[in-house]
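A structural model of the following input is requested.
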Amino acid sequence: MKKVVAIICLLIAFLVVYFLQADFFSWFTIAGIKPNLFVIFILFIGLFAGKKIGIILGLILGTYIDLLLGRTVGITGIMLAIVGFLGEYFDKNFSKESRLTIMLMVIGATFLYEIITYIYYIFRLEINLEIYSFLKILSIEALYNTIIVIIIYPMLQKAGYALENIFKVKNILTRYF
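Residues are numbered from 1 along each chain as shown. You can find the predicted model right below:
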């Protein structure tokens, strides 16, 4: 029952993130560039809830985003699923306690998401390769994502540990046999 309530809360949080991304941050851009809150959201789900939940929600919510906003259906879902999987990898290899490591995780996830998506769009939609403008957009978006994570990290950390207690079962042996 706790998992169902947690999934419902994550879906409500997704709607909040979606409206922040679509409405609020359209007013607060840096050089016309908005942050990618979806990468941050799915990365934290992967970090704290595990790769299964991160991959499933990344795929479902990314496909939903593609249906609403995207030019092609599927790429955002696949990339957010990869980011959800990457969150589990980061969880096993790095500490979630340090803001610096969280910032580096967000930068890495943003770079991976944007680079693969851009390469896909180059081949699929046959857009022109513009390295300078892409690197400018990528660096500003990664910086913007990092600033947002610095600001909201304490709130995300508390919610994340609550998710971790629900989804990541720790088998502890209480007696020695």
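
and Ile65, what element?
When secondary structure is defined by DSSP states H and E, Ile65 falls within helix 51-69.

Show me what the next helix or strand after that helix is in contact with.
Next helix or strand after helix 51-69 toward the C-terminus (DSSP H and E): helix 75-93. By C-beta atoms under 8 Å, 6 or more residues apart in numbering, the list of residues contacting helix 75-93 from outside reads 38-39, 42-48, 50-51, 53-63, 65-66, 70, 105, 108-109, 112-113, 116-117, 120-121, 124. No exception for glycine: its C-beta is placed from N, CA and C like everyone else's.

Quick one, which of the residues you listed are buried?
By the neighbour-count criterion of 16 or more other C-beta atoms under 10 Å, the contacts of helix 75-93 include these buried positions: 38-39, 42-48, 50-51, 53-55, 57-59, 61-63, 65-66, 105, 109, 113.

returning to what we had before: measure how the helix holding Ile65 sits relative to helix 75-93, angle-wise.
For the pair helix 51-69 and helix 75-93, the angle between their directions (axes from the mean of the first three to the mean of the last three C-alpha atoms, to 10 degrees) equals 150 degrees.

Low-confidence stretches in this protein?
By pLDDT under 70, the low-scoring segments of the chain are 170-177.

For it, which segments are assigned as helices?
Listed from the start of the chain, the chain has helices (DSSP state H) covering 2-19, 25-27, 37-49, 51-69, 75-93, 99-124, 131-167.

and among those, the most buried is which?
Burial of the helices of the chain is given as mean neighbour count (mean count of other C-beta atoms under 10 Å); helix 37-49 ranks first at a mean of 26.

center of the protein, which residue is that?
Val39 (2.5 Å; C-alpha atoms, centre = their mean).

What separation is there between it and Met1?
Relative to Met1, Val39 is positioned 30 Å away (C-beta to C-beta, to the nearest Å).

Ok, Ile60 next?
As defined by C-beta to C-beta, Ile60 lies at a distance of 21 Å from Met1.

Also Ile166?
Distance of Ile166 to Met1, computed by C-beta to C-beta: 10 Å.

Can I get stretch 40-49 in PDB? Just the C-alpha atoms.
Backbone C-alpha positions of stretch 40-49 (Å, rounded to 0.1, in the frame of the first residue of the first chain) are rendered in PDB as follows:
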ATOM      1  CA  ILE A  40      16.600  16.100 -12.300                       C
ATOM      2  CA  PHE A  41      13.300  14.500 -11.300                       C
ATOM      3  CA  ILE A  42      14.000  11.100 -12.900                       C
ATOM      4  CA  LEU A  43      17.600  11.100 -11.700                       C
ATOM      5  CA  PHE A  44      16.400  11.600  -8.100                       C
ATOM      6  CA  ILE A  45      13.900   8.800  -8.500                       C
ATOM      7  CA  GLY A  46      16.600   6.500  -9.800                       C
ATOM      8  CA  LEU A  47      18.900   7.600  -6.900                       C
ATOM      9  CA  PHE A  48      16.500   7.100  -4.100                       C
ATOM     10  CA  ALA A  49      13.800   4.600  -5.400                       C
END
